[in-house]
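1. model the structure of this input:
(one chain, ligands or ions: 1)
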Amino acid sequence: MANKYRTYLIFGAPGSGKGTQGRTLGLVPSFFHCACGDVFRSIETDTPLGRSFLEYSSKGQLVPDEITVELWRVSIERCVDAHEFRPEVDYLVLDGIPRNVSQADLMDPFIDVKTVFHLSCPDRDKLVARLKRRAIKDNRLDDANEEVIRQRLETYQRESKPLLDHYGDSLIVNIDATEPPIVVLHTIVSHIVSGRKSETEFVPDN
Ligand code: ADP
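-> Just a heads-up that it's a prediction; the model follows:
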């Protein structure tokens, strides 16, 4: 691909608040938010891909990498074609993808990662409590069962955490995910704004 999408990654364990931050940032002109979990949940459940998603997510496992990245790619290209995401002016805010090193390698031709915002929450019980609340609020079946939640947290620890080493300290901003959302957002926004390179950067229609 000639020009890679300029990308901010929101990274963290299930329940760390990636979606909340990604969605909020996506409301700001010149930022486009894409959550991989939402892409999966938008697939009809009675299609082969939909069934495959349910099979893996209900066990707290990751959907296989090739399927996931291809699905993400098709979805994001559709957003480009629909002019919802305009890569020449917009920054891409990704949450939930890449989720392991193999996905990062598959996505490397498409994304130029500017910063990885790591929402860190070493207190696993806090994450479990958040996910249980989300199960009720968002009607998420994969959050309803404590065993599946524990499995997702283990998957994160084993497969996703190594991504931090993969991207390296120079790209990572560690943020305390137990702070209120507004404080986390403030840290993310301050970092993005202080990295501004020119007066025209982040101007929506330049
Ligand atoms: P959470 O942030 O709680 O993990 P998501 O909505 O991001 O929730 O993802 C829900 C489920 O969708 C995951 O547990 C996994 O099964 C599947 N999934 C989402 N993103 C990916 C991905 N990048 N690779 C593989 N599976 C994924």
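
2. for the longest helix anywhere in the chain, packing partners?
-> Longest helix in the chain, counting residues (DSSP state H): helix 65-81. If contacts are counted by 3 or more Cβ pairs under 8 Å, 6 or more residues apart in numbering; DSSP states H and E, helix 65-81 sits against strand 31-35, helix 36-41, helix 48-57, helix 101-107. (Glycine included, C-beta is placed from N, CA and C.)

3. quick one: the closest residue in space to V39 that isn't next to it in sequence from D46, how far?
-> Spatial nearest neighbour of V39, excluding adjacent residues (Cβ to Cβ, 6 or more residues apart in numbering): S75 at 4.8 Å. Distance of S75 to D46, computed by Cβ to Cβ, to the nearest Å: 19 Å.

4. which one's more surrounded, those two?
-> S75 (16 against 8; other Cβ atoms under 10 Å).

5. contacting residues around the residue in the chain that the ligand sits nearest to?
-> Nearest residue of the chain to the ligand: G37, at 1.9 Å (Cβ to the nearest ligand atom). Counting by Cβ atoms under 8 Å, 6 or more residues apart in numbering, G37 touches 19, 96.

6. find me the pLDDT at it, would you?
-> Model confidence at G37, given as pLDDT, is 94.

7. what of the one 4 residues further on?
-> In this prediction, R41 carries a pLDDT score of 93.

8. check I136 too.
-> Here, the pLDDT recorded for I136 equals 86.

9. the residue nearest to V39 contacts D38, correct?
-> No. If you go by Cβ atoms under 8 Å, S75 and D38 don't touch, sitting 9.3 Å apart.

10. residues in contact with stretch 193-205?
-> 29-30, 89, 91, 114-115, 192, 206.

11. which strand runs longest in this structure?
-> For the chain, the strand with the greatest residue count under DSSP state E is strand 111-120.

12. so what are the sheet partners of that one and their directions?
-> Taking DSSP bridges as the criterion, strand 111-120 forms sheet pairs with strand 5-12 (parallel), strand 172-176 (parallel).

13. what is the subsequent helix or strand relative to the longest one?
-> Read it as strand 5-12. helix 18-25 (DSSP states H and E).

14. could you name the helices and strands sitting against that next one?
-> The helices and strands touching helix 18-25, judged by 3+ Cβ pairs under 8 Å, 6+ apart, are strand 5-12, strand 31-35, strand 91-95, strand 111-120, helix 181-194.

15. quick one: end-to-end distance for stretch 152-172.
-> By Cα to Cα, to the nearest Å, the extent of stretch 152-172 from end to end equals 23 Å.

16. so which bits of it are buried?
-> 152-153, 155-156, 159-160, 163-164, 167, 172 (16 or more other Cβ atoms under 10 Å).

17. and for stretch 172-183?
-> 172-173, 175, 177-178.

18. which one of those is nearest R23?
-> The shortest approach to R23 among those belongs to A177, at 15.4 Å (Cβ to Cβ).

19. which residues does that closest one contact?
-> 12, 16-17, 119-121, 184.

20. and with 10 Å instead?
-> Contacts for A177 were tallied using Cβ atoms under 10 Å, 6 or more residues apart in numbering; they are 12-13, 15-18, 21, 118-123, 126-127, 130, 184.
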